[in-house]
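Participant: sequence and predicted structure are below.
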Amino acid sequence: MTVIDRFEGSIAVLETENGTVTLQRSLLPENACEGDVLVCENGIWRIDTETTENRRSRTKQRLSRLINKNQKRGKK
């Protein structure tokens with residue numbers, strides 16, 4: 001899986017199973033943003049929308065559970 005970690009000017013920093021890779025931002029879809037899961041097919045990068053949405057949803061759920069857990073601790 002390849003995920004956009006961040007942008008540094010015209011460079012995209014990607015996290016892969018094998019570590020960090022940099023790539024020219026112009027090679028990615030124009031609407032690509034941090035956290036998007038990418039797939040490279042025939043040398044063309046595209047956003048895997050379904051996987052990206054699933055990862056974001058799971059992250060929001062985890063954050064919500066952590067916030068609720070901390071709020072309950074604060075009330076004791």
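Facilitator: Arrived safely, thanks for sending.

Participant: can you find the helix or strand in this protein with the smallest mean pLDDT?
Facilitator: helix 49-75 (a mean of 89; mean pLDDT, DSSP states H and E).

Participant: that one packs against which elements?
Facilitator: Packing partners of helix 49-75 (3 or more C-beta pairs under 8 Å, 6 or more residues apart in numbering; DSSP states H and E): strand 37-41. Quick note: C-beta positions are derived from backbone N, CA and C, even for glycine.

Participant: note down every partner strand of the helix or strand just after the strand it packs on and its orientation.
Facilitator: With elements assigned by DSSP states H and E, the helix or strand that comes after strand 37-41 is strand 44-47. Paired neighbours of strand 44-47 in the sheet (DSSP bridges): strand 37-41 (antiparallel).

Participant: got the angle between the strand it pairs with and helix 49-75?
Facilitator: 160 degrees (axes from the mean of the first three to the mean of the last three C-alpha atoms, to 10 degrees).

Participant: mind listing what's buried in strand 37-41?
Facilitator: 37, 38 (16 or more other C-beta atoms under 10 Å).

Participant: which other residues reach that strand?
Facilitator: Outside strand 37-41, the residues that touch it by C-beta atoms under 8 Å, 6 or more residues apart in numbering are 1-4, 14, 28, 32, 45-48, 51-52, 55.

Participant: re earlier: can you pull the buried residues of the least confident helix or strand of the chain?
Facilitator: Counting neighbours by 16+ other C-beta under 10 Å, helix 49-75 gives 52, 55 as buried.

Participant: residue 22 versus the nearest residue to residue 26 once chain neighbours are set aside, what's the distance?
Facilitator: Using C-beta to C-beta, 6 or more residues apart in numbering and skipping residues adjacent in sequence, the residue nearest residue 26 is residue 10, 6.9 Å away. Separation of residue 10 from residue 22 (C-beta to C-beta, to the nearest Å): 10 Å.

Participant: the more surrounded of those two?
Facilitator: residue 22 (11 against 8; other C-beta atoms under 10 Å).
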